[in-house]
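*Asks:* Sequence below, structure please.
(one chain, ligands or ions: 1)
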Amino acid sequence: MKRGLLIIFSGPSGVGKGTVRELFIHREELNLAFSISMTTRTKRPGEIDGKDYYFVDRARFEEAIQNDELLEYAEFVGNYYGTPLQEVDRLRDMGKNVILEIEVQGALQVIDKVPDALSIFLVPPSLEELKRRIENRRTEDPEIIDQRLSKASKEMDLMNQYRYVVCNDDPQFAAEMVSLIIRRNIEATL
Ligand code: 5GP
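*Replies:* Numbering: from 1, shown residues only. I've put the predicted structure just below:
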């Protein structure tokens with residue numbers, strides 16, 4: 001069995017990674033699996049433990065770091081986020097192409113560690129539009145929104161580290177672009 005691809009799907013918070021991902025992840029020909037991250041952030045309304053994230057406390061997260069359980073991790077606006085390695089390996093060994101939906105510091109760690117990973121960066125049409133999207137989400141306090149925005153402009157400076165950059169002007173169109181990129185890369189490894 002051919003081992004699945006490792007796909008890094010990154011971009012600033014609020015750009016719409018989750019929305020775009022939902023539009024391509026179930027496409028059968030892409031054979032994708034979503035890697036569920038571990039985080040210390042508190043659950044937002046509607047989020048489900050074990051589906052959106054594994055919600056853990058700081059002690060458990062730090063234990064995971066100590067035990068080398070994570071492929072990458074980062075601290076983002078006061079919380080830890082990380083990718084459990086064992087699950088990613090298991091899915092790839094089953095032939096699944098695994099999607100890591102992660103922020104930039106973590107993405108750069110994976111680009112470094114796994115040179116053949118496929119890296120895709122989703123950009124907003126502008127920082128003004130990003131601000132509007134984060135505010136409309138209404139899930140964060142104004143102070144956290146400001147922190148996420150100031151982080152976003154720094155994250156955008158790093159987009160040249162990725163193999164592909166896709167603009168999320170329209171989610172449907174962005175999802176088409178990402179699907180095409182993944183499909184081409186699957187074909188290239190056959
Ligand atoms: P949120 O709190 O909005 O769910 O996530 C904040 C940021 O952390 C988003 O950019 C999200 O993609 C990213 N993120 C989610 N899981 C991981 C992970 O496992 N590792 C890293 N480095 N970032 C993650």
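*Asks:* So for stretch 82-91, what gets flagged as buried?
*Replies:* Applying a neighbour-count criterion of 16 or more other C-beta atoms under 10 Å, one finds 82-84, 87-88, 91 buried in stretch 82-91. Bear in mind the C-beta positions are built from the backbone N, C-alpha and C, glycine included.
*Asks:* Next: stretch 23-38.
*Replies:* 23-25, 30, 32-38.
*Asks:* and the residues you listed, which of them are in helices?
*Replies:* Assignment to helices by DSSP state H places the following of the buried residues of stretch 23-38 there: 23-24.
*Asks:* Output those of the buried residues of stretch 23-38 also counted as contacts of the ligand.
*Replies:* Intersecting those with the contacts of the ligand gives Ser37 (criterion: C-beta under 6 Å from any ligand atom).
*Asks:* where does the residue of the chain found nearest the ligand land in three-state SS?
*Replies:* When you check the chain against the ligand by C-beta to the nearest ligand atom, the closest residue turns out to be Gly106, at 2.2 Å. On the three-state scheme (DSSP: H, G, I helix; E, B strand; the rest coil), Gly106 is labelled helix.
*Asks:* thinking again about what came up before, could I get the buried residues of stretch 82-91 as JSON lines with pLDDT and distance to Arg60?
*Replies:* Written out in JSON lines, the entries for those read as follows (pLDDT from 0 to 100; distance: C-beta to C-beta, whole Å):
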{"residue": "Gly82", "pLDDT": "98", "distance to Arg60": "11"}
{"residue": "Thr83", "pLDDT": "98", "distance to Arg60": "15"}
{"residue": "Pro84", "pLDDT": "98", "distance to Arg60": "12"}
{"residue": "Glu87", "pLDDT": "97", "distance to Arg60": "16"}
{"residue": "Val88", "pLDDT": "98", "distance to Arg60": "19"}
{"residue": "Leu91", "pLDDT": "98", "distance to Arg60": "22"}
